[in-house]
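S.K.: can't give you the sequence, but here's the structure:
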């Protein structure tokens, strides 16, 4: 790496130099080159290097594009692309810049070979020096941006400092996961996702471990094939993928589990039913935790030897958590409160969104937007997003509580619950349900699902409407886009 990174930097456009601010666009699929690009960014860029993903670029409002202090778009210095995508990417960038920033220029560089709208990186690197002096940044300088997944609307550019990567590697990678040089990590979550960045790069690089990186879409079949071929010791995925693996395979091949010591889940709450089925079928512990793009990685988690299914675990050492009510006062144990966290991996704010920054980053504390209950043993129980909570008959209802019951039905593959208004304007739960393969929709099944929730929850919590759909709307990181379900309710 110490030899390769300088050569990679020297192979970049001549107008990229240490200390310069640049927008660096990184295309899909994710490959190991994303790691090298990030390392170059952190070594040489004085204030901010931007890791971006071109498929989402045209969907962002202009205010969320990277800009200089003068308000103009930074020059798009490099797009690292697969050769078969170079022309389409070049055309996309050209059209976007012509429409919104006609003075800006760009260059497309592909890793492997030259094409009509690109130049070869390997050719430049072959002639480049392997010596490079890192720019004298400090731990407090901004190193990179990550965009939020957009589960609540338009993605936001989250600005992180150099120190954040190290803190996540030490606090979670070492103290909880115990990653060592003997480990082989495999993250189904991609590196444009804060969760995936730590799993696939930060944790294994800090410990000297091996990381499996694949650019393929994480289908159940592909993931199992990778597990069988590479036999990782640590596997990271989102709850949706664990559920898909259980649905697609009656039995996970033994060779896939041969060296696996721990499975990790994050991105959204892991349903208790999915966790139990995974352990029963695979015999491997699975820990669930909570992290956010704003905190870069997991700060609340179960841990080996201390697992409580249906919870997000306890605070990761090095982070401080508190639950507050709508006035900002701390709530007592056993009561629902809004989760706030502080720790050294926290971002400095959102790019070009001062109001959102002020709303989320309050002194040392970061407001996560999640609702939790802390039990007498210190485990945190997820109760949904603050904006997702339903008020039914004057009483707050957590969507995840209803969802966890519906998932116990043997014919249900996936579910999301949102609030819907009656003709009288009263809010009641509405469930969007994805059925397992070859299960037919019927009125009887709707009645059965309502009866299941009435038998296990307070009567006011059962869903008044059951809507069957082919799949839930999700972000590229697997999070449910509940605002789209709310839109469907209003249609």
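M.R.: Received it, and whenever you're ready, just let me know what you need. These figures come from a predicted structure and were not determined experimentally.

S.K.: For the rest of this, base every contact and every neighbour count on C-alpha atoms.
M.R.: OK.

S.K.: State whether residue 200 and residue 211 are indeed in contact, as I suppose.
M.R.: Yes - the pair residue 200 / residue 211 is scored as a contact, 5.7 Å apart, by Cα atoms under 8 Å.

S.K.: got any residues that touch both of those two?
M.R.: Shared contacts of residue 200 and residue 211 (Cα atoms under 8 Å, 6 or more residues apart in numbering): 185, 186.

S.K.: who's more crowded, the two?
M.R.: Neighbour totals were compared for residue 200 and residue 211, and residue 200 leads with 26 against 22 (other Cα atoms under 10 Å).

S.K.: show me the contacts for the more buried one.
M.R.: Contacts of residue 200 (Cα under 8 Å, 6+ apart): 185, 186, 187, 190, 191, 211, 212, 213.

S.K.: filter these to the buried ones?
M.R.: 185, 186, 187, 190, 191, 211, 212, 213 (16 or more other Cα atoms under 10 Å).

S.K.: Nearest to residue 343 among those?
M.R.: Lowest distance from residue 343 to those (Cα to Cα) belongs to residue 191, with 21.8 Å.

S.K.: Report the separation between the closest one and residue 184.
M.R.: Residue 191 sits 16 Å away from residue 184 when distances are taken as Cα to Cα, to the nearest Å.

S.K.: Likewise for residue 379?
M.R.: Taken as Cα to Cα, the span from residue 379 to residue 184 is 29 Å.

S.K.: same thing with residue 168?
M.R.: For residue 168, the distance to residue 184 - Cα to Cα - is 18 Å.

S.K.: One more: residue 480?
M.R.: The spacing between residue 480 and residue 184, counted by Cα to Cα, is 29 Å.

S.K.: now do residue 400
M.R.: Counting by Cα to Cα - residue 400 and residue 184 are separated by 33 Å.

S.K.: got it, and residue 227?
M.R.: In terms of Cα to Cα, residue 227 sits 11 Å off from residue 184.

S.K.: Also residue 219?
M.R.: 20 Å.

S.K.: Mind checking which of those two has more residues around it?
M.R.: residue 184 (22 against 14).

S.K.: tell me which residues form a beta bridge with that one?
M.R.: According to DSSP bridges, the residues that bridge with residue 184 are residue 210.

S.K.: any low-confidence regions in this protein?
M.R.: Judged by pLDDT under 70, the chain has its weakly predicted residues at 1-125, 132-134, 149-153, 394, 491.

S.K.: And the helices in the stretch 101-250 of the chain, which stretches?
M.R.: Along the stretch 101-250 of the chain, counting by DSSP state H, counting those that start in this stretch, helices occupy 121-126, 163-168, 194-197, 203-207, 220-230, 239-248.

S.K.: residues contacting the spatially most central residue of the chain?
M.R.: With distances taken as Cα atoms, centre = their mean, residue 193 lies nearest the centre of the chain, 4.0 Å away. Residues counted as contacts of residue 193 (Cα under 8 Å, 6+ apart) are 146, 148, 149, 293, 477.

S.K.: Could you report the distance from it to residue 238?
M.R.: 11 Å.

S.K.: what residues does the helix or strand containing residue 281 touch?
M.R.: Using DSSP states H and E, residue 281 sits in helix 272-282. For helix 272-282, contacts defined as Cα under 8 Å, 6+ apart pick out 239, 242-243, 246, 251-252, 257, 284-286, 309-310, 404, 407-408.

S.K.: of all those, which two lie farthest apart?
M.R.: Within those, 257 and 404 form the most distant pair, 26.9 Å apart (Cα to Cα).

S.K.: In the stretch 301-450 of the chain, mark out all the strands, start to finish.
M.R.: 314-315, 320-324, 337-342, 349-350, 361-362, 365-374, 380-385, 390-392, 395-397, 412-421, 427-435 (DSSP state E, counting those that start in this stretch).

S.K.: What pairs with the third one, parallel or antiparallel?
M.R.: Translated: strand 337-342. According to DSSP bridges, strand 337-342 has the following sheet partners: strand 320-324 (antiparallel), strand 365-374 (antiparallel).

S.K.: So which of the ones you listed is the most surrounded?
M.R.: strand 365-374 (a mean of 21; mean count of other Cα atoms under 10 Å).

S.K.: neighbouring contacts of that one?
M.R.: Residues contacting strand 365-374 (Cα under 8 Å, 6+ apart): 292, 294, 323, 333-342, 346, 359-361, 380-387.

S.K.: From residue 469, how far out is residue 294?
M.R.: In terms of Cα to Cα, residue 294 sits 32 Å off from residue 469.

S.K.: out of these two, which sits in the busier spot?
M.R.: residue 294 (26 against 14).

S.K.: Enumerate every residue touching the more buried one.
M.R.: So residue 294 contacts 158, 346, 347, 349, 366 (Cα under 8 Å, 6+ apart).

S.K.: ok, now residue 480?
M.R.: By Cα under 8 Å, 6+ apart, the contact set of residue 480 is 151, 416, 472, 473, 474.

S.K.: Kindly recompute the last result at 6 Å.
M.R.: By Cα atoms under 6 Å, 6 or more residues apart in numbering, the contact set of residue 480 is 473, 474.

S.K.: who does it bridge with?
M.R.: Beta-bridge partners of residue 480, as defined by DSSP bridges: residue 474.

S.K.: who touches stretch 240-249?
M.R.: Residues contacting stretch 240-249 (Cα under 6 Å, 6+ apart): residue 220.

S.K.: Flag every buried residue along that stretch.
M.R.: For stretch 240-249, burial by neighbour count (16+ other Cα under 10 Å) applies to 240, 241, 242, 243, 244, 245, 246.

S.K.: Make JSON lines out of these and add distance to residue 447.
M.R.: Putting these into JSON lines (distance: Cα to Cα, whole Å) gives the following:
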{"residue": "240", "distance to residue 447": "25"}
{"residue": "241", "distance to residue 447": "28"}
{"residue": "242", "distance to residue 447": "28"}
{"residue": "243", "distance to residue 447": "24"}
{"residue": "244", "distance to residue 447": "25"}
{"residue": "245", "distance to residue 447": "28"}
{"residue": "246", "distance to residue 447": "26"}
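
S.K.: And those, which two are furthest apart?
M.R.: Longest span within the buried residues of stretch 240-249, Cα to Cα: 240 and 246, 10.0 Å.

S.K.: Between the contacts of residue 294, which sits nearest residue 204?
M.R.: Using Cα to Cα, residue 346 is the member of the contacts of residue 294 that sits closest to residue 204, with 20.9 Å.

S.K.: excluding its backbone neighbours, what's nearest that closest one?
M.R.: residue 295 (4.4 Å; Cα to Cα, 6 or more residues apart in numbering).

S.K.: number of nearby residues for the one you found?
M.R.: The number of residues near residue 295, taken as other Cα under 10 Å, comes to 23.

S.K.: could you measure it against residue 389, distance?
M.R.: Taken as Cα to Cα, the span from residue 295 to residue 389 is 23 Å.

S.K.: Equivalent analysis for residue 407, please.
M.R.: Remark: distance between residue 407 and residue 389 (Cα to Cα) = 19 Å.
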